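Peer 1: Please find the sequence and the predicted model below.
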Amino acid sequence: MPDLRLEGATKYYKVEKKKLLAVEDINLTIEQGEFVFLIGSSGAGKTTVLRMLGGDLKPDAGSAYLGETNMNHFFGPLQFRLRRSFGYVWQEPQLLRKRTIYENLFMALAARSIGRRVKWDKAVGKALALVGMQGVEHCFPADLSLGEVRLVELARALVNSPPILILDELTANLDDDNIWDIMYLLNELNNRGITIIMATHASQYVNIMRRRVVMLTDGHITSDVRNGRYGEKEPKPENIFADAWAKNQKNRRRRWERK
Ligand SMILES: Nc1ncnc2c1ncn2[C@@H]1O[C@H](COP(=O)(O)OP(=O)(O)OP(=O)(O)O)[C@@H](O)[C@H]1O
Ligand SMILES: [Mg+2]
């Protein structure tokens with residue numbers, strides 16, 4: 001799958017006839033198979049950046065690319081072509097309330113893929129099983145807890161086996177056990193080559209996962225760290241030495257105890 005790229009991407013929202021600058025001059029390249037956490041305080045611009053990366057929101061200035069394709073040219077009726085490349089979980093719940101879970105997932109498939117119905121039935125069951133929500137096919141969204149709805153939304157994002165997952169605050173209503181399971185699953189999917197871009201406030205999980213962490217502050221990227229921690233501006237050299245020192249001490253102690 002191709003890389004994702006924002007070049008000088010700027011977005012304004014209109015509020016009472018005024019233009020409000022949401023994010024400005026965002027330059028960000030996400031390579032195929034990367035796992036990226038997007039962090040920053042509320043209103044920093046995470047959702048706006050995710051939507052531009054996912055071809056869901058057109059930048060007012062600058063461009064968003066999927067490989068060599070400028071996604072600015074794919075809005076309107078052409079947008080469905082782009083959507084096949086992405087699985088989305090947006091911050092706001094997206095499931096249709098009057099449709100069953102099965103219908104919700106089935107519609108996501110029908111909108112994006114070509115294939116036979118028997119195959120689709122299997123894909124729906126498989127996606128629900130992946131997130132540990134098998135058996136809810138005939139429930140309505142209102143029958144599920146907020147956390148369960150998020151898991152079903154992840155299943156909906158996965159039903160098409162997209163090469164890129166865009167996840168906005170997926171973990172917001174999940175308990176710790178569920179978050180662990182989800183992080184494990186995302187890790188597995190990423191190991192299979194799926195690109196994952198995830199906006200989150202869940203600092204403890206970001207710290208444990210040690211993936212690329214991009215921080216937004218007031219609509220600008222203020223840090224971009226590989227194997228990063230939540231809020232870390234850049235890896236501190238003294239931390240590297242401290243970690244190596246601690247490891248060395250531990251090994252020494254082990255050797256000493258074995259004697
Ligand atoms: N539809 C909209 N209309 C007007 N202003 C908006 C709209 N969406 C976002 N904004 C504004 O743009 C800025 C960036 O918003 P965005 O939703 O991208 O931030 P965020 O980092 O995702 O915040 P949160 O952590 O609360 O989800 C904020 O100042 C927000 O108030
Ligand atoms: Mg947001």
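Peer 2: Thanks, I have the structure now. Computed from a predicted structure; not experimentally measured. Residues are numbered from 1 along each chain as shown. Ligands and ions are numbered 1, 2, ... in the order given.

Peer 1: Just confirm E7 is within a helix.
Peer 2: No. Applying DSSP: H, G, I helix; E, B strand; the rest coil, one finds E7 to be strand, outside a helix.

Peer 1: for it, which residues make a bridge with it?
Peer 2: Beta-bridge partners recorded for E7 (DSSP bridges): S63.

Peer 1: now swap in I166 and tell me
Peer 2: Y88, I197.

Peer 1: Is it in contact with S85, as I believe?
Peer 2: No. Judged on CB atoms under 8 Å, I166 makes no contact with S85 at a distance of 10.1 Å. Quick note: C-beta positions are derived from backbone N, CA and C, even for glycine.

Peer 1: Who has more neighbours out of those two?
Peer 2: I166 (25 against 21; other CB atoms under 10 Å).

Peer 1: Contacts only, for the more buried one.
Peer 2: Going by CB atoms under 8 Å, 6 or more residues apart in numbering, I166 touches 50, 53-54, 86-89, 157, 197.

Peer 1: any chance of those residues in CSV, with neighbour count, pLDDT and distance to ligand 1 too?
Peer 2: Shown next, in CSV, are the contacts of I166 (neighbours: other CB atoms under 10 Å; pLDDT from 0 to 100; distance: CB to the nearest ligand atom, whole Å):
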residue, neighbour count, pLDDT, distance to ligand 1
L50, 23, 97, 8
L53, 27, 96, 12
G54, 24, 93, 13
F86, 22, 92, 18
G87, 28, 94, 19
Y88, 21, 94, 14
V89, 23, 95, 13
A157, 23, 95, 18
I197, 24, 98, 13
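
Peer 1: okay if I get the residues you listed as JSON lines plus distance to G219?
Peer 2: Output for those, formatted as JSON lines (distance: CB to CB, whole Å):
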{"residue": "L50", "distance to G219": "14"}
{"residue": "L53", "distance to G219": "15"}
{"residue": "G54", "distance to G219": "18"}
{"residue": "F86", "distance to G219": "23"}
{"residue": "G87", "distance to G219": "26"}
{"residue": "Y88", "distance to G219": "22"}
{"residue": "V89", "distance to G219": "23"}
{"residue": "A157", "distance to G219": "26"}
{"residue": "I197", "distance to G219": "18"}
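
Peer 1: need the helices for the stretch 101-250 of the chain, in chain order.
Peer 2: For the stretch 101-250 of the chain, the helices defined by DSSP state H, counting those that start in this stretch cover 101-112, 117-130, 146-158, 176-191, 203-209, 237-258.

Peer 1: Check whether the shortest one comes near ligand 1.
Peer 2: Read it as helix 203-209. No. If you take CB under 6 Å from any ligand atom as the test, helix 203-209 misses ligand 1, and the best it gets is 13.0 Å.

Peer 1: Put the alpha carbons of that helix into CSV.
Peer 2: Output of helix 203-209 as CSV, limited to C-alpha atoms (Å, rounded to 0.1, in the frame of the first residue of the first chain):
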residue,chain,number,x,y,z
SER,A,203,-1.3,8.0,27.7
GLN,A,204,-0.4,4.8,29.6
TYR,A,205,-1.0,2.6,26.5
VAL,A,206,0.9,5.0,24.3
ASN,A,207,3.8,4.7,26.7
ILE,A,208,3.7,0.9,26.8
MET,A,209,3.4,0.5,23.0
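
Peer 1: Who are the packing partners of that helix?
Peer 2: Packing partners of helix 203-209 (3 or more CB pairs under 8 Å, 6 or more residues apart in numbering; DSSP states H and E): strand 35-39, helix 176-191.
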